[in-house]
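Novice: dropping the sequence and predicted coords here.
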Amino acid sequence: MNLSTRIHNAVDYIRTRTDTVPEMGMILGSGLGDFADTLEERLVIPFTDIPGFPAATVPGHTGAFVFGKKHGKEVLCMQGRLHYYEGHPIRLVAMPVFMMHLLGVKTLLLTNAAGGVNKDYRPGDLMLISDHINYSGVNPLIGEHLPEFGPRFPDVTDLYSASLRMKVKLAAVDAGIALRQGVYMMFSGPNYETPAEVRMARILGADAVGMSTVPEALTAAQCGIKVLGVSCITNLAAGVSPHKLSHEEVMETTAMAHDKFHALVDLILKTV
Ligand code: HPA
């Protein structure tokens, strides 16, 4: 089955469950998915219900689309995401964003856990993504061009919308939420980076490193969806950190940053 048919089948199934048109989409990363539980009038559609949808495999990613309302906005949260390192073809990692486009999403918030490359950063910091470096070696837009999802050669100069970031920055200052702003660099994973790779990332201009977000952001850009990205800096990246990295540390820091992260996502919903 080609990708377009697969996307349409999945959306047709969702349309049998709801006719809501969500203006805001969210893809919630490691340990950050429970924001979806705070939506009102929730409808939860597990990935496993959706024909042709790949199954998520990472602990901390439960795997469901959650429709709901908050602050008067119709929202569609993807609780848990698909990662390239799980073995999914990169075009399927992007499938949820193609689906969101057909479902009506106009603005997409992408969140992730990331390692701090910038030496000023501390675990628990929140970083608005200003731009990215795609070092993953893959790109979900490679392959047959599907014109219904936008141009073959999308411009990505303003991928992480500067005007949305400005609004969020100002609102965060008013709300007293400290917010960094920096460049996210994607590695394929699943290993954490070597110290040499982290030094390279810093020289190339990265502030944080991680294993997600870039495929979804590129796909949104092609579809004409505005993008905001927020990284929770869960650890200092390899070689910056004096100790070994672990998924446990990542989950502990997302738990510690939980309330601040929720406050920021709430603020973003109210602001954009
Ligand atoms: N590197 C890559 N991905 C990550 C990290 C890291 O240090 N921390 C959380 N996700």
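Specialist: Sure thing, it's come through. Residues are numbered from 1 along each chain as shown.
Novice: for the residue in the stretch 151-272 of the chain positioned nearest to the ligand, give me its contacts.
Specialist: For the stretch 151-272 of the chain and the ligand, the shortest gap (C-beta to the nearest ligand atom) falls at Gly210, measuring 4.1 Å. For the C-beta atoms, the positions are set from N, CA and C on the backbone; glycine is no exception. By C-beta atoms under 8 Å, 6 or more residues apart in numbering, the residues touching Gly210 are 112-115, 184-187, 231.
Novice: ok, now Phe187?
Specialist: So Phe187 contacts 135-136, 193, 197, 209-211 (C-beta under 8 Å, 6+ apart).
Novice: run the last query once more with 7 Å
Specialist: Phe187 is in contact with 135-136, 193, 209, 211, counting by C-beta atoms under 7 Å, 6 or more residues apart in numbering.
Novice: can you pull the pLDDT of it?
Specialist: Phe187 carries a pLDDT value of 98.
Novice: mind checking how far Glu249 is from His243?
Specialist: Using C-beta to C-beta, to the nearest Å, Glu249 is found at 8 Å from His243.
Novice: please apply the same query to Thr219.
Specialist: Using C-beta to C-beta, we find Thr219 at a distance of 36 Å from His243.
Novice: so what sits opposite the closest residue to the ligand within the stretch 51-200 of the chain in the bridge?
Specialist: Of all residues in the stretch 51-200 of the chain, the one sitting closest to the ligand is Gly115 (2.1 Å; C-beta to the nearest ligand atom). Legend: beta-bridge partners of Gly115 under DSSP bridges are Val209, Asn235.
Novice: that one contacts Val209, doesn't it?
Specialist: Yes: when contacts are counted by C-beta atoms under 7 Å, Gly115 is listed as touching Val209 (4.9 Å).
Novice: what touches both of these two?
Specialist: Shared contacts of Gly115 and Val209 (C-beta under 7 Å, 6+ apart): Ala237.
Novice: what segments of the stretch 51-200 of the chain are strands?
Specialist: For the stretch 51-200 of the chain, the strands defined by DSSP state E, counting those that start in this stretch cover 64-70, 73-79, 107-116, 126-134, 180-186.
Novice: and those, which is most packed in?
Specialist: A comparison of the strands of the stretch 51-200 of the chain by mean neighbour count, using mean count of other C-beta atoms under 10 Å, puts strand 107-116 on top with a mean of 26.
Novice: could you give the angle of it to strand 126-134?
Specialist: Relative orientation of strand 107-116 and strand 126-134, computed by axes from the mean of the first three to the mean of the last three C-alpha atoms, to 10 degrees: 90 degrees.
Novice: Ala237: which of the strands of the stretch 51-200 of the chain is closest?
Specialist: strand 107-116 (3.5 Å; C-beta to C-beta).
Novice: from the contact counts, what lies against that closest one?
Specialist: Here strand 107-116 touches strand 24-28, strand 208-210, helix 214-223, strand 226-236, going by 3 or more C-beta pairs under 7 Å, 6 or more residues apart in numbering; DSSP states H and E.
Novice: quick one: average pLDDT of that strand?
Specialist: Per-residue scores along strand 107-116 average to 97.
Novice: kindly report the same for stretch 92-103.
Specialist: Averaged over stretch 92-103, pLDDT sits at 97.
Novice: out of the contacts of Phe187, which is most surrounded?
Specialist: Among those, Val209 has the most neighbours (other C-beta atoms under 10 Å), with 26 neighbours.
Novice: just checking, that residue touches Asn235?
Specialist: No: contact between Val209 and Asn235 fails when scored by C-beta under 7 Å: they sit 10.3 Å apart.
Novice: can you count the residues close to His247?
Specialist: When neighbours are counted by other C-beta under 10 Å, His247 registers 16.
Novice: phi and psi next, for it.
Specialist: According to degrees, to the nearest 10, the main-chain angles of His247 amount to phi -60, psi -30.
Novice: that concludes my questions; thank you for your assistance.
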